[in-house]
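J.: Sequence plus predicted model, see below.
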Amino acid sequence: MHRLGGTGRAPILAGFRWRSDATSADGRCPLDQLFTAENLHWRDKARDIADRIVRPLAAKYDREQEYPWEIRDALAEAGLFGVWIPKEFGGHGGGVMDLCLVVEELSRACGGVGVLFAVNALGSFPILLAGTDEQKAAYLPSIANGEKLIAFGLSERPAGSDASGLLTNAVEDGDHWVLNGSKKWTTNGGAADIYSIFAVTDPASKSRRISAIIVEKGDPGFEIGRKEDKMGIRCVPVVELHFDNCRVPKNRLLGGRAGLGFKHAMMTLDRARPGVAAQAMGLAAGALELATVYATQRKQFGAPISSFQMIQQLLADMASNVEAGRQLVYAAARACDAGAPELTKMAAMSKLFATDMAMRVTTDAVQVFGGYGFMKDYPIEKFMRDAKITQIYEGTNQVQRLVIARNLIKEAGRLDHLAAFIPLPDHPNTLEDLARAERASADA
Ligand SMILES: Cc1cc2nc3c(=O)[nH]c(=O)nc-3n(C[C@H](O)[C@H](O)[C@H](O)COP(=O)(O)OP(=O)(O)OC[C@H]3O[C@@H](n4cnc5c(N)ncnc54)[C@H](O)[C@@H]3O)c2cc1C
């Protein structure tokens, strides 16, 4: 199996047999048997930390809008920052699937912690996918053991959905690159030690205008700017970055070759979007669990509200949508790990479906709580606030639809054989005409 910058393994379902005696540990995922032992190991570690450490602290860090270093420490101690990093660079040799399982579990307890973790994959994927061996050896081990955090700086004030329009530039000067400009909305900024920064290195070029450059905390001329006050995911900082004649050594150019930055950014987003989808799906799953428990406890008209069919309909639709989202996230993650040719479309579909689904499910979960759901004393409104951003970052869902449609239209060439069965308005023949012509030629 293709792994991110790592070595191959056999497809996980080869020789699969269902064990009739096995049940999932807590009944929350009836399809546990479809995972490898490694998948379950990392998922269960994440679930333990989510239940024991993240959930009790979620409201505090949401209120204070501070980075939860104690949660980072617990994740690092459990080895979770290494799940997507190859063993030769200090990780555990997993891939996007393990990443998604961990993000799902953390997001079930707190969507902010889900992205606080996942953003390190977003930041490190450029190095994993395109870095030189020296760059991988220099940066990945300290990310894998959680000692150093990393961020991804692509977006700028004028360049959001149109990321290729970014303006931050880098110019060669002797043994250095000199960066000037600003980045907007860099998640993990300030907390992170390492930054994958995208900058214009060849303004005259159309296709090779942008390069990725690794910037470190403390590089001269690099400053953390304004920290945003956000609707959700409040425990993780989102900041501006400023580069004022920021000098970094030449060997920080990603992959040692200029002009490939936009390609590297798109390759990264293809593999990171299932992580956003997992964050959204985990949020939806967590909201569904809370709503289900609440519905069995809250009584009106002398009965638990879970006995009312309209509440049952809400819960049933929520559960079916969560499961559909979960399977699409896992399919997209497996497509990434297998290096499937359609991973761009799969990743975009998982992000689109799971994040739109999470917005609906978390909103319905608030509805199940009634007026109490609207209050900050209850944990459910935070799920709805945290879910909103998943429809926006790493490409808005409008952009995901563009990506999916573009790929579908490209693939239409493979379906040329169907054209003969479709009478078009300007087509000379209807299907009936074609059948008549075939009969006539057979008779002749
Ligand atoms: C909390 C947060 C964290 C973030 N973290 C990071 C990060 O770590 N690193 C990073 O690089 N970026 C990050 N971003 C940036 C994020 O990826 C962008 O916000 C996103 O890509 C959208 O860009 P924009 O906000 O400029 O919106 P715009 O591009 O201005 O879009 C505005 C609206 O127009 C729509 N639209 C735009 N173009 C089209 C089109 N062609 N067709 C149809 N509709 C269109 C959009 O869907 C949206 O609804 C973050 C953003 C936020 C809010």
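T.: Ah, there it is.
J.: use CA for all of it now, contacts and neighbours both
T.: Will do.
J.: the domain parsing of this structure - what is it?
T.: 32-148, 151-259, 263-412 (automatic domain parsing).
J.: Spit out the contact partners of the closest residue to Ser124 other than its chain neighbours.
T.: Counting by CA to CA, 6 or more residues apart in numbering, Ser124 lies nearest to Ile150, which is 6.6 Å off, once chain neighbours are set aside. The contact partners of Ile150, by CA atoms under 8 Å, 6 or more residues apart in numbering, come to 119-120, 123-124, 143, 188, 192-196.
J.: Next one: Ile150 from Phe81, what distance?
T.: Using CA to CA, to the nearest Å, we find Ile150 at a distance of 11 Å from Phe81.
J.: And for Arg208?
T.: 32 Å.
J.: the more surrounded of the two?
T.: The neighbour comparison of Arg208 against Phe81 (other CA atoms under 10 Å) goes to Phe81, with 28 against 17.
J.: Need the per-residue pLDDT for the more buried one.
T.: Here the pLDDT value assigned to Phe81 is 98.
J.: What degree of burial does the residue in the stretch 251-400 of the chain that the ligand sits nearest to show, as a neighbour count?
T.: With CA to the nearest ligand atom as the measure, Tyr393 is the residue of the stretch 251-400 of the chain nearest to the ligand, at 3.9 Å. Tyr393 has 15 neighbours, counted by other CA under 10 Å.
J.: ok so it is a helix residue?
T.: No: counting by DSSP: H, G, I helix; E, B strand; the rest coil, Tyr393 falls outside a helix, being coil.
J.: residue in the stretch 1-150 of the chain nearest to the ligand?
T.: Val119 (6.9 Å).
J.: Check the gap between Glu432 and the ligand for me.
T.: 40 Å (CA to the nearest ligand atom, to the nearest Å).
J.: And that residue, which helix or strand is it part of?
T.: Here Glu432 sits within helix 431-443, counting by DSSP states H and E.
J.: so what secondary structure elements neighbour that helix?
T.: Contacts defined by 3 or more CA pairs under 8 Å, 6 or more residues apart in numbering; DSSP states H and E place helix 431-443 against no helix or strand at all.
J.: Flag every buried residue along that helix.
T.: Judged by neighbour count using 16 or more other CA atoms under 10 Å, helix 431-443 contains no buried positions.
J.: Quick one: name the residues of the stretch 101-250 of the chain near the ligand.
T.: Listed as neighbours of the ligand in the stretch 101-250 of the chain under the rule CA under 6 Å from any ligand atom: 152-155, 159-161, 185-187, 238.
J.: are any of the residues you listed buried, and which?
T.: 152-155, 160-161, 185-187, 238.
J.: SS state for Ala258?
T.: coil.
J.: Touching, it and Pro203? I think so.
T.: No: if you go by CA atoms under 8 Å, Ala258 and Pro203 don't touch, sitting 11.9 Å apart.
J.: between the two, which one's more packed in?
T.: Remark: of Ala258 and Pro203, Ala258 carries more neighbours, 17 against 12, as counted by other CA under 10 Å.
J.: Angles on the backbone of that one, please.
T.: Per-residue torsions, Ala258: phi -80, psi 160 (degrees, to the nearest 10).
J.: In the chain, mark out all the strands, start to finish.
T.: Applying DSSP state E to the chain gives strands spanning 150-153, 169-173, 176-187, 194-200, 210-216, 222-227, 238-249, 299-300, 303-304.
J.: Show me whatever sits in contact with both of Ile150 and Phe81.
T.: Joint contacts of Ile150 and Phe81 (CA under 8 Å, 6+ apart) are 120, 143.
J.: right, and the pair among the buried ones among the residues of the stretch 101-250 of the chain next to the ligand with maximum separation?
T.: Ser161 and Val238 (17.4 Å; CA to CA).
J.: Specify the beta-bridge partners of the residue nearest to Ser124.
T.: Ile150 forms beta bridges with Ile194, as assigned by DSSP bridges.
J.: Asp202 touches Arg209, doesn't it?
T.: Yes: with contact defined as CA under 8 Å, Asp202 reaches Arg209; the gap is 4.6 Å.
J.: between the two, what contacts are shared?
T.: Joint contacts of Asp202 and Arg209 (CA under 8 Å, 6+ apart) are Gly259.
J.: who has more neighbours, these two?
T.: Legend: neighbour count by other CA under 10 Å for Asp202 and Arg209, higher for Arg209 (21 against 17).
J.: got a pLDDT number for the more buried one?
T.: pLDDT, Arg209: 98.
J.: Now for it: which residues touch it?
T.: Going by CA under 8 Å, 6+ apart, the list of residues near Arg209 reads 200-203, 259, 261.
J.: try 7 Å
T.: Arg209 makes contacts with 200-203, 259, as judged by CA atoms under 7 Å, 6 or more residues apart in numbering.
J.: Report the two of these separated the most.
T.: Pro203 and Gly259 (10.1 Å).
J.: Number of residues surrounding Lys183?
T.: When neighbours are counted by other CA under 10 Å, Lys183 registers 26.
J.: Quick check: it touching Leu241?
T.: Yes: at 4.9 Å, Lys183 counts as touching Leu241 under the criterion of CA atoms under 7 Å.
J.: Between strand 210-216 and the biggest helix by length in the chain, find me the angle.
T.: Selection of the longest helix in the chain by residue count, based on DSSP state H, yields helix 261-297. If you take axes from the mean of the first three to the mean of the last three CA atoms, to 10 degrees, helix 261-297 sits at 70 degrees to strand 210-216.
J.: do helix 261-297 and the ligand meet at all?
T.: No: Helix 261-297 does not reach the ligand (CA under 6 Å from any ligand atom); its nearest approach is 9.3 Å.
J.: Quick check: mean pLDDT of that helix?
T.: Here the average pLDDT along helix 261-297 is 98.
J.: Which residues belonging to that helix are considered buried?
T.: By 16+ other CA under 10 Å, the buried positions in helix 261-297 come out as 261-265, 267-292, 294-295.
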